[in-house]
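In: Fold the stuff below for me.
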Amino acid sequence: IMVSELTGSHYLLVPMMLVGAVEMAVLPGRVSLCREQVPSFIDSPAHLGDFVIDVLKEAVVLLAAALEEIGDAYAIYGFSSHGRQNVEVYPVKTFAEPLSPGVQGRISAIAPKRSTRMGAAVRHAARKLKDLSSRAKLLVLISDGHPEDVDYGREPHTPAYGLRDTMMALREAERGGVQPFCLTIDKGGHDYLREMLPPARYMVIEDVLTLPLELPKIYQRHIREPQR
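Out: Down below sits the predicted model:
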């Protein structure tokens, strides 16, 4: 079909089908006409970002449904950055809003943007939480990698400033009565999260596919329960 669309003709369709049949029948598993083809959608660099975002969105929806069920007040925010003077925070759901179709639509519309200046986002979220009259104030930060931004410097020194700034923001939040918890799907997350938080305050999800089902359980067991 793709061949027909590219050529504007159906004349090559039958020959291409015959070539595919020969490959499958005569050369199974030994020769591939698509040597650069990756094993699955997840392994494709071109689609990995979209795949991760889709999984994160599913996880957020399930966690939101669980929070509605147990009655915890919560808000959902996203953030993006492009330098110190250009940090944007996107309200997906405020504390005053229910989990309405409009909120679910905003969750569905979440898409990758620019960089990840976590320190600024943590400080903004902590200020929002300080205004609440609640016994326990929890900040859950979900990410797929270390803090980074365009003005942090060149590799391999890029993470240093971002890690220290995020660490300070997390400590400031704690001093203000906000308990942070970081969750990442980056398999190398232990290398930098242990610099920012004690082991009980972060978790690395090894298999991103498990995140949607595991996130509500993680919230209940590792985030909510220790604060009771």
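
In: from here on, contacts and neighbour counts on C-alpha atoms
Out: Noted.

In: For the protein, name the helix or strand with the lowest mean pLDDT.
Out: Each helix and strand of the chain was given a mean pLDDT (mean pLDDT, DSSP states H and E); the minimum falls on helix 2-7 at a mean of 48.

In: for F181, phi and psi?
Out: As for F181, its main-chain torsions (degrees, to the nearest 10) stand at phi -140, psi 130.

In: burial count for it?
Out: Neighbour count of F181, defined by other Cα atoms under 10 Å: 21.

In: Verify the contact between L215 and V61 for me.
Out: No. Taking contacts as Cα atoms under 8 Å, L215 lies outside contact range of V61: 10.1 Å.

In: and stretch 119-131, what's its mean pLDDT?
Out: Taken as a whole, stretch 119-131 has a mean pLDDT of 92.

In: again, but for stretch 108-115
Out: 86.

In: Number of residues surrounding the closest residue to V204 other than its chain neighbours?
Out: Nearest residue to V204 in three dimensions, chain neighbours excluded: T184, at 5.1 Å (Cα to Cα, 6 or more residues apart in numbering). Neighbourhood size, T184 [other Cα under 10 Å]: 22.

In: I'd like the numbering to begin with 9 instead of 1 from here.
Out: Okay, using 9 as the starting number, the last item reads as T192.

In: Please verify my assumption that T192 contacts I213.
Out: Yes. Contact criterion Cα under 8 Å: T192 and I213 qualify, at 6.1 Å.

In: so where do the strands sit in the chain?
Out: Ranges of strands within the chain are 84-89, 95-101, 145-151, 186-192, 210-212, based on DSSP state E.

In: Reformat those strands as a markdown table; add distance to A177 and mean pLDDT.
Out: Below are the strands of the chain laid out as a markdown table (distance: least, Cα to Cα, whole Å; pLDDT from 0 to 100):
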| stretch | distance to A177 | mean pLDDT |
| --- | --- | --- |
| strand 84-89 | 15 | 92 |
| strand 95-101 | 15 | 92 |
| strand 145-151 | 12 | 91 |
| strand 186-192 | 10 | 92 |
| strand 210-212 | 15 | 91 |
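
In: Out of those, which is closest to S123?
Out: S123 lies closest, by Cα to Cα, to one member of the strands of the chain: strand 84-89, at 4.9 Å.

In: now the angle between strand 145-151 and the closest one, please.
Out: Going by axes from the mean of the first three to the mean of the last three Cα atoms, to 10 degrees, strand 84-89 is angled at 50 degrees with respect to strand 145-151.

In: list the helices and strands strand 84-89 packs on?
Out: Other elements packing on strand 84-89 under the criterion 3 or more Cα pairs under 8 Å, 6 or more residues apart in numbering; DSSP states H and E are strand 95-101.

In: Pull the strand it packs on out as CSV, backbone CA atoms only.
Out: What follows is strand 95-101 as a C-alpha-only set of coordinates in CSV (Å, rounded to 0.1, in the frame of the first residue of the first chain):
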residue,chain,number,x,y,z
VAL,A,95,10.4,28.2,33.0
GLU,A,96,6.8,27.4,32.2
VAL,A,97,4.4,25.6,34.6
TYR,A,98,1.2,24.1,33.1
PRO,A,99,-1.8,23.5,35.4
VAL,A,100,-3.4,20.3,34.4
LYS,A,101,-5.7,20.1,37.4
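
In: Buried ones in stretch 111-122, by neighbour count?
Out: For stretch 111-122, burial by neighbour count (16 or more other Cα atoms under 10 Å) applies to 111-112, 115-116.

In: all helices of the protein, in order?
Out: Taking DSSP state H as the test, the helices found in the chain are 10-15, 21-34, 53-78, 109-116, 126-138, 166-183, 198-204, 219-226.
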